[in-house]
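A.B. asks: how would this look folded up:
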Amino acid sequence: MLQGNSLFHQRFEENTLGNDYVVGDIHGHYDLLLAQLERLKFNHKIDRLFALGDLINRGPRSLDCLNLLLKPWFFSVIGNHEAYFKQCVNQGFDKQLFYKMGGQWIDDVTYPDGLTKLAALVHYRMPLAIEISIQGYNIGLIHAQSPDDWEDIHNKNFLDDCESDCLWSLDKFNRSQDETKSVKNIDMVVHGHANCDQIVVKANQAWIDTVRVTDKLTILSLSELLNWRA
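C.D. replies: Here you go, the predicted model:
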């Protein structure tokens, strides 16, 4: 049985050959993602795309979105939808609840041990946090909420207590601009999870999950993200 995350934190050095991009929650909108990448002239040989979790549910092609994790140019932190999916595979599905989350796609997974293999893909390919270097800066990615000090990402004891907040909490997003402080020991942190009609920036944090409100994915280059840095 798969328990917890196999990897809490993954670090990437600067991409010296191409461009790095970050995309908000995809939620099964595979065709929309490919169309927007084509408009950006995304180069699959040298560019990299980092996702903020919630690849699955709601949209029509969740399975295809999960299989992006097998591509050498695609990386993602885990979202609450993947965490709950893995929990269901481990402990048994409450299908009524999973359907409410947009998870009807699981009924189309018919190959032997299909759901178990997908849960293993989530377990081994979706860390809780990602850190990427660019131009001497470090950008952190986490689905819902960052700890106040990014260094806590390396502290397993802290994460054992706070992993749920990292996946589910909207507390910092819901606070006013003045009440949201910068995350220490990181230059910028980018989140999904909070449904927005545009990019929301508070201190050195940004929330870019726009697909549910606008029917458009927000995809930003890391260079663009640096412009939002407080």
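A.B. asks: poorly predicted segments of this protein, please.
C.D. replies: Counting by pLDDT under 70, the chain contains low-confidence ranges at 1-7, 112, 176-179, 229-230.
A.B. asks: most centrally placed residue in it?
C.D. replies: In the chain, the C-alpha nearest the mean C-alpha coordinate belongs to residue 52, at 1.8 Å (Cα atoms, centre = their mean).
A.B. asks: list the buried residues in the helix or strand harbouring residue 172.
C.D. replies: Element membership for residue 172, per DSSP states H and E: helix 171-174. Using 16 or more other Cβ atoms under 10 Å as the test for burial, helix 171-174 gives 172, 173. For the C-beta atoms, the positions are set from N, CA and C on the backbone; glycine is no exception.
A.B. asks: what sits up against it?
C.D. replies: With contact meaning Cβ atoms under 8 Å, 6 or more residues apart in numbering, helix 171-174 is reached by 145, 146, 165, 180, 191, 193, 194, 200, 202, 205, 207.
A.B. asks: by neighbours, which of the residues you listed wins?
C.D. replies: residue 191 (28 neighbours; other Cβ atoms under 10 Å).
A.B. asks: what sits against that residue?
C.D. replies: Taking Cβ under 8 Å, 6+ apart as the test, what residue 191 contacts is 52, 141-146, 173, 205-209.
A.B. asks: so residue 148 sits right up against residue 186, yeah?
C.D. replies: No. Between residue 148 and residue 186 there is no contact under Cβ atoms under 8 Å: 10.7 Å.
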